[in-house]
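**Q** Here is my input, please return the structure:
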Amino acid sequence: MALLFQKFQEAVKILAKRPAFARDPRQLQFEADINRLFLYLSYNRLGKNADEAHAEEIIEMASKASFSDQQIQVQENVHSQIKTFCAFMDEILLPNEKMVNEHQLASTVPRRSGLSFAVGRSDPAHNNLAAPQTKPLSQAEVSQDLKDQLGYTVNVKPSQIPHKDAGQGLFLDGTVDVGAVVAFYPGIVYSPAYYRYIPGYPKVDALNPYLITRYDGNVINAQPWGSGGDNQELWNGGKTREIKPDVKAAEPEKGSERFWKLLSKPLEGYQGDNNDVIERRNPLAFAHFANHPPKGVQPNVMICPYDFPLTESNMRVYIPNVLFGNAEVNMRRFGSFWFKSGGGSRNSGSNVPTLKTLVLIATRPLQDEELLLNYRLSNTKRRPEWYTPVDEEEDRRRWS
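**A** Reported below is the predicted structural model:
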């Protein structure tokens, strides 16, 4: 198995440089990432029965398959793993078969939240929705039960990175193979249409290190999620203090500066209508605690976009994200600006409404170790002293 993994790693490096990726730098990096994910996730799906012939076949497929086909396969492989995770969570938390049926019923109760709005449901009494009954287990107990069933869980504890600013880190407790989904990135999802509602806008990252951006422009704010909770609840991410931008004394403003300040003024008083029952004890909803690797150390996980299909109502409670606003607005990017272009929160070429999320994927076999994620911070801004680029060229392409 080790030899097969080495073959896959070599294929990742070769395929990422092929001429088919030679478009604009940002798209090039996105396609290279999807190509890597395609290989890792396909390798994971082979399981222990993998042989060299299977590995060669997947590598050949990766070299010939279109970008869109690889995206579809990545989504299917991630969804398959998350479906297994959700089934284990049901076994852990739902008392009996009767409760499973009630859970399924509660998951499909019509309610006019931002997510249910996207699939055309409405009910003026949606605020009366209650979380289904579950076993009175603590977050720690759920985590241990998941490890017993799935073979791993994750824990948050002091990082082993030798830097004073390392703080808390994310650790795998157990064993996983390459291509395993090891964590969810939880929190509130802001589509580009709602950027101005992100707390602290426009300096959204001044006091909030738990923001992450997908390639499609959706931003996830994990700060309201924090460390989760000890129950299943109606959650919209509203239980967090507002983050104030870092305001400094300014010199007299020029006309253009006053105009830009007016455009940048954060919008207040709007929260949307999202109220979804979310399992706050989710043992894997801690991706926001993963640290960037120190100098000379390679990351062992990578970000993977996951578009959760909202038609999977039985799984919804275990997806630790909510969409800000009443519906996702389709936006098109021109330079640094976003403009409405019609459409809604559906996959390209599909009528299935989705919630745009992120998960962490293992890039090698892992056992009882700290999870390290390449942050790929923009090289157009001053980066913190602890940040050492894993690949400067990738950073440049990602933010071009």
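**Q** CA only for contacts and neighbour counts going forward, please
**A** OK.
**Q** Am I right that Leu86 sits in a strand?
**A** Small correction: residue 86 is Cys, not Leu. No - under DSSP: H, G, I helix; E, B strand; the rest coil, Cys86 falls outside any strand and is assigned helix.
**Q** for it, what are its contacts?
**A** Contacts for Cys86 (Cα atoms under 8 Å, 6 or more residues apart in numbering) come out as 315, 318.
**Q** what bits of the stretch 101-250 of the chain have low per-residue confidence?
**A** 101-131, 239-250 (pLDDT under 70).
**Q** need the helices for it, in chain order.
**A** Under the criterion DSSP state H, counting those that start in this stretch, the stretch 101-250 of the chain contains helices at 114-118, 139-150.
**Q** so which of these is the most packed in?
**A** Of all the helices of the stretch 101-250 of the chain, helix 114-118 has the most neighbours on average by mean count of other Cα atoms under 10 Å, namely a mean of 22.
**Q** Same list (the helices of the stretch 101-250 of the chain) but as CSV, adding distance to Asp276.
**A** Formatted as CSV, those follow (distance: least, Cα to Cα, whole Å):
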stretch, distance to Asp276
helix 114-118, 8
helix 139-150, 19
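**Q** separation between the closest residue in space to Leu211 that isn't next to it in sequence and Gly151?
**A** Excluding its sequence neighbours, the residue lying closest to Leu211 (Cα to Cα, 6 or more residues apart in numbering) is Asn221, at 4.7 Å. From Asn221 across to Gly151, the span is 29 Å (Cα to Cα, to the nearest Å).
**Q** of those two, who's got more company?
**A** Asn221 (26 against 13; other Cα atoms under 10 Å).
**Q** That one and Pro209 touch, don't they?
**A** No - applying Cα atoms under 8 Å as the test, Asn221 and Pro209 come out as separate, 9.1 Å apart.
**Q** before we move on, back to that, partners of the residue nearest to Leu211 in the sheet?
**A** Ile188, Leu211 (DSSP bridges).
**Q** residue contacts, it?
**A** By Cα under 8 Å, 6+ apart, the neighbours of Asn221 are 186-190, 210-212.
**Q** Ok, Trp225 next?
**A** For Trp225, the contact set (Cα under 8 Å, 6+ apart) comprises 186-187, 237.
**Q** who wins for neighbours among these?
**A** Pro186 (30 neighbours).
**Q** ok, for that residue, nearest residue in space, not its chain neighbours?
**A** Closest to Pro186 by Cα to Cα, 6+ apart is Pro320, at 4.9 Å.
**Q** List the contacts of Leu372.
**A** 170, 290-293, 298-301.
**Q** Give me the pLDDT for it.
**A** Listed pLDDT for Leu372 reads 98.
**Q** How about the backbone phi and psi for it?
**A** phi -120, psi 130 (degrees, to the nearest 10).
**Q** excluding its backbone neighbours, what's nearest it?
**A** Pro299 (4.8 Å).
**Q** Three-state assignment for that neighbour, please.
**A** Pro299 ends up coil, using three-state DSSP.
**Q** Let me see the contact set for it.
**A** 292-293, 363, 371-374.
**Q** try 6 Å this time
**A** Shown in contact with Pro299 (Cα atoms under 6 Å, 6 or more residues apart in numbering): 293, 372-374.
**Q** The residue nearest to Met315 when sequence neighbours are not counted and Leu94, how far apart?
**A** Distances taken as Cα to Cα, 6+ apart put Cys86 closest to Met315, at 6.1 Å, once the chain neighbours are dropped. Distance, Cys86 to Leu94, using Cα to Cα: 11 Å.
**Q** Equivalent analysis for Pro305, please.
**A** On the measure of Cα to Cα, Pro305 and Leu94 end up 29 Å apart.
**Q** cool, and Ser191?
**A** Distance from Ser191 to Leu94, by Cα to Cα: 33 Å.
**Q** quick one, which of those two is more surrounded?
**A** For the pair Ser191 and Leu94, the greater number of neighbours falls to Ser191 (24 against 19), based on other Cα under 10 Å.
**Q** can you pull the contacts of the more buried one?
**A** Asn218.
**Q** Look up how far Gly228 lies from it.
**A** Ser191 is 23 Å from Gly228, by Cα to Cα.
**Q** likewise Lys135?
**A** When Lys135 is compared with Gly228 (using Cα to Cα), they lie 17 Å apart.
**Q** if you count what's nearby, which of these two comes out ahead?
**A** Using other Cα under 10 Å as the criterion, Lys135 and Gly228 rank with Gly228 on top: 18 against 12.
**Q** Identify the residues contacting the spatially closest residue to the more buried one that is not a sequence neighbour.
**A** Leaving aside its sequence neighbours, Gly228 sits nearest to Arg280 (Cα to Cα, 6+ apart; 5.0 Å). Arg280 makes contacts with 228-229, 231-232, as judged by Cα under 6 Å, 6+ apart.
**Q** what do you get if the cut-off is 10 Å, keeping everything else the same?
**A** 139, 186, 225, 227-235, 317-320 (Cα atoms under 10 Å, 6 or more residues apart in numbering).
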